[in-house]
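The following comprises the amino acid sequence and a computationally predicted model.
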Amino acid sequence: MTRVCLIGKPESTLRYELLSRETSREALATYDLERPFENSLAVRTVSVGAAVSLLNDLDWYLTRFVDEALVQEPSVSDEEWLSRSLAEQLRNGDVDPETTAEYCKVYGLVADDPESEAEAAAGPESASGGSARSDSEAASSGADAAGNHDGNRRRPRLVEPLYVRRTDGELPTYDLRDVDETLVVRLTEEEYSP
């Protein structure tokens, strides 16, 4: 199954923004929603074509509320993600899966203190008129990817991307800060900016 993961802009609460609007809520209604990272939403689709179609259906919302739209295609990699643009090129047959690995963006993943997460989450909600977001977020949290029902479980947060080029099959080490893990996103040559 191909995964789609949307990473929200810092000033928006992504799950609320997508599920509080009829068109995006209907586009997502047939999927099991997951939250693998802080301020994210992920779903599983049947193919890279279905993933790109979903992203196209949500384009208006992606422009306003999403920092990153990622696609993970098992025929390319089980661990690395593709940018939306690279996924579109793959779907259209413009690139071969084995030629997608050269240009990458590596994010650090950090787990923050739960209190600072709660404070960060309260900021935009308070500014926009009270508890509607937090109630909506809590009501729609459900199980995460591992089947946990703990809505307060800490999720990793993506931090400072490092743009790298794979050399001899190896990626340079992420060195912008100390991180718990990393997330690799494959890019098109046009998206790559060292």
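Everything's here; your move.

what sits against R177?
R177 makes contact with 108, 110, 159-160, according to CB atoms under 8 Å, 6 or more residues apart in numbering. No exception for glycine: its C-beta is placed from N, CA and C like everyone else's.

Of these, just say which sits nearest to L171.
G108 (13.2 Å; CB to CB).

Can you name the residues bridging to that closest one?
Bridge pairing for G108 (DSSP bridges) gives the partners V159, T182.

So that it lines up with my notes, have the first residue be 29 from now on.
Happy to do that; since the first residue is 29 now, the last one works out to G136.

Burial check on it, number of neighbours?
21 (other CB atoms under 10 Å).

so it makes contact with P184?
No: with contact defined as CB atoms under 8 Å, G136 does not reach P184; the gap is 9.1 Å.

Give me the common contacts of these two.
Common neighbours of G136 and P184 (criterion: CB under 8 Å, 6+ apart): E209.

ok, back up a step: identify the farthest-apart pair in the contacts of R205.
So, the contacts of R205 by CB to CB: farthest apart are V138 and E188, at 10.0 Å.

Have a look at these two and say which one is more surrounded.
Ranked by neighbour count (other CB under 10 Å), V138 and E188 place V138 first, with 16 against 12.

what's the spacing between the more buried one and T216?
V138 sits 27 Å away from T216 when distances are taken as CB to CB, to the nearest Å.

Including pLDDT and distance to E62, could the contacts of R205 go into a markdown table?
Output for the contacts of R205, formatted as a markdown table (pLDDT from 0 to 100; distance: CB to CB, whole Å):
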| residue | pLDDT | distance to E62 |
| --- | --- | --- |
| G136 | 96 | 21 |
| V138 | 93 | 19 |
| V187 | 94 | 20 |
| E188 | 93 | 24 |
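
Tell me the one of those residues nearest E107?
Relative to E107, the closest of the contacts of R205 is G136; by CB to CB it sits at 15.6 Å.

Could you pull up the residues touching the closest one?
Counting by CB under 8 Å, 6+ apart, G136 touches 186-188, 190, 202, 204-205, 207, 209-210.

Out of the residues you listed, which is nearest to S40?
Looking across these and measuring by CB to CB, the closest to S40 is L186, at 14.7 Å.

Look at the closest one and report its pLDDT.
Each residue has a pLDDT score; the one for L186 is 95.

from what I can see it touches Y135, true?
Yes: counting by CB under 8 Å, L186 does reach Y135; the two are 4.3 Å apart.

what's the overlap in contacts for those two?
Common neighbours of L186 and Y135 (criterion: CB under 8 Å, 6+ apart): L211.

okay, these two: which has more neighbours?
Between L186 and Y135, Y135 has the larger neighbour count (other CB under 10 Å), namely 25 against 20.
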